[in-house]
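>>> Return a 3D structure for these sequence lines:
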Amino acid sequence: MKIFIINPDFGVTPEQMAARCHLLSVHVGPDVELHMECLVENHIEIDSALDAALAAPEIIKMAVRAESEGYDAVVLYCFSDPAVDACREVVSIPVVGGGQASCLLAPLVGRQAGLLLADTARYAEKQLFVAQCGVDPARIAAIGGIEARGVDLWAERERVLDLLTEAGKNLLAAGRVQVLLLGCLSFLGLAHPLSERLGVPVVDPAVAPVALAECLVRQGLKTSRKAYPAPPLRKRTWQSGQL
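Predicted coordinates for the structure are as follows:
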């Protein structure tokens with residue numbers, strides 16, 4: 001089984017992507033091959049709705065290429081699930097976004113979950129996003145997070161873990177949630193130590209879509225054309241630029 005992981009941030013090195021795949025490989029079967037690529041045409045990091053929109057054309061092309069190269073599933077390596085619906089329209093293999101996969105898993109291990117973001121400015125956006133993922137907003141009962149702008153999430157892992165610990169304690173202290181959900185895929189690998197510190201389940205948003213993609217492929221499940229009909233055949237052009 002081959003899973004193609006689209007990292008929608010520009011400038012991630014091959015070594016960094018290989019390291020992420022190595023961490024993820026622990027959570028899938030030995031017969032699963034993980035391959036990650038990032039954006040190369042657009043200098044974008046997904047930190048806003050604008051970024052997600054600008055990255056979409058290249059993400060869609062990468063998904064189409066993945067299917068043509070024989071991959072069994074596509075994973076969007078971002079909690080915002082950029083272009084997920086468009087990708088599902090143009091390929092037949094499963095397309096799994098980090099955000100939706102994580103939100104769907106959280107209710108399986110707790111009645112209400114708390115979402116921890118890497119950007120406190122995006123609380124309102126993510127509150128609406130939860131409903132779009134197919135999860136009753138009442139099941140994601142609280143949103144918190146850390147202010148990670150200016151923080152290297154990979155180089156300062158212990159600091160990030162400490163910040164998440166405090167933010168998680170605050171959500172748990174309110175008594176409304178029993179499980180935590182990390183809302184940024186750069187938090188890969190932090191769910192387990194955070195769970196040990198806080199004593200509650202913590203969903204890793206990077207592991208969730210990869211494991212769920214594997215599950216879909218093993219069951220032979222593909223995207224329903226009733227839900228995601230192929231776009232009408234016609235010529236489409238667009239122009240890339242700077243903003």
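
>>> quick check, distance from the lowest-mean-pLDDT helix or strand in the chain to the centre of its chain.
The helix or strand of the chain with the poorest confidence is helix 123-132; it has a mean of 90 (mean pLDDT, DSSP states H and E). Per C-alpha atoms, centre = their mean, to the nearest Å, the displacement of helix 123-132 from the mean C-alpha position of its chain is 14 Å.

>>> Now that helix - C-alpha only, PDB.
C-alpha atoms of helix 123-132 as PDB (Å, rounded to 0.1, in the frame of the first residue of the first chain):
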ATOM      1  CA  TYR A 123     -10.400  30.200  17.300                       C
ATOM      2  CA  ALA A 124     -13.600  31.400  15.500                       C
ATOM      3  CA  GLU A 125     -12.600  29.900  12.200                       C
ATOM      4  CA  LYS A 126     -11.900  26.500  13.700                       C
ATOM      5  CA  GLN A 127     -15.100  26.500  15.700                       C
ATOM      6  CA  LEU A 128     -17.000  26.600  12.400                       C
ATOM      7  CA  PHE A 129     -14.600  24.200  10.800                       C
ATOM      8  CA  VAL A 130     -15.500  21.400  13.200                       C
ATOM      9  CA  ALA A 131     -19.100  21.300  12.000                       C
ATOM     10  CA  GLN A 132     -17.800  21.100   8.400                       C
END
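
>>> which other residues reach that helix?
49, 80, 99, 103, 115, 117, 137, 140, 143, 145, 183 (C-beta atoms under 8 Å, 6 or more residues apart in numbering). For every residue, glycine as well, the C-beta is placed using N, CA and C.

>>> Wait, Val84 touches Gly98, no?
No. If you go by C-beta atoms under 8 Å, Val84 and Gly98 don't touch, sitting 9.6 Å apart.

>>> Find the residues that touch each one of the two.
Leu76.

>>> Neighbour count for the two, which is higher?
Between Val84 and Gly98, counted using other C-beta atoms under 10 Å, Gly98 has the larger neighbour count: 30 against 25.

>>> Please look at the more buried one and Pro82 and confirm they touch.
No. Gly98 is beyond contact range of Pro82, at 10.0 Å (criterion: C-beta under 8 Å).

>>> Need the overlap of contacts for these two.
By C-beta under 8 Å, 6+ apart, the residues touching both Gly98 and Pro82 are Leu76.

>>> tell me the contacts of the residue nearest in space to the middle of the chain?
What sits nearest the mean C-alpha location of the chain, by C-alpha atoms, centre = their mean, is Gly98, with 2.1 Å. Counting by C-beta under 8 Å, 6+ apart, Gly98 touches 75-79, 81, 185, 205-206, 208-209.

>>> for these, which one is nearest Ala18?
For the contacts of Gly98, the minimum distance to Ala18 (C-beta to C-beta) is 13.6 Å, reached by Tyr77.

>>> hang on, that closest one packs against Ile3?
No. Look at Tyr77 against Ile3 with C-beta under 8 Å: they stay out of range, at 10.8 Å.

>>> quick revisit: how near is the residue nearest to the centre of the chain to Glu166?
24 Å (C-beta to C-beta, to the nearest Å).

>>> And for Leu233?
53 Å.

>>> Tell me which of the two has more neighbours.
Glu166 (10 against 6).

>>> Follow the chain on from the helix or strand in which the more buried one is found and name the next helix or strand.
Using DSSP states H and E, Glu166 falls within helix 157-173. Later in the chain than helix 157-173, the nearest helix or strand by DSSP H and E is strand 179-182.
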